[in-house]
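S.K.: Generate a structure from the sequence data that follows.
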Amino acid sequence: MSDKHVNLSWFKSSYSSSEGGMCVEVAATPGTVHVRDSKDRHGAQLAFSIRQWDAFIGRLTAEEFDA
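M.R.: Sure, this is the predicted structure:
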């Protein structure tokens, strides 16, 4: 998706800590949710449709992923 160069309003995950490790930020646009590593803000980012994001969050909530 070509929203990478658009000014996005990024929000750090409430599950991210200031101690390093796995920290993510998300930004939403109409129809798309963007995800990036909060420690590498100029690096790669993922973009998901709202439907894909909802499915992902549903699976996280159901604890379907291994830790």
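
S.K.: Partner strands of whichever helix or strand Phe48 is part of and their direction?
M.R.: For Phe48, the element it lies in under DSSP states H and E is strand 45-49. Applying DSSP bridges to the sheet, strand 45-49 is found paired with strand 32-37 (antiparallel).

S.K.: Tell me which residues of the strand it pairs with come out buried.
M.R.: Thr32, Val33, His34, Val35, Arg36 (16 or more other Cβ atoms under 10 Å). Every residue, glycine included, has its C-beta placed from N, CA and C.

S.K.: rewinding a little: let me know the average pLDDT across the strand holding Phe48.
M.R.: In this model, strand 45-49 carries a mean pLDDT of 95.

S.K.: CA atoms of it as CSV?
M.R.: What follows is strand 45-49, C-alpha atoms only, in CSV (Å, rounded to 0.1, in the frame of the first residue of the first chain):
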residue,chain,number,x,y,z
GLN,A,45,6.2,-1.0,8.1
LEU,A,46,3.3,-3.4,7.5
ALA,A,47,-0.1,-2.3,6.2
PHE,A,48,-3.2,-4.3,6.8
SER,A,49,-6.8,-3.8,5.7
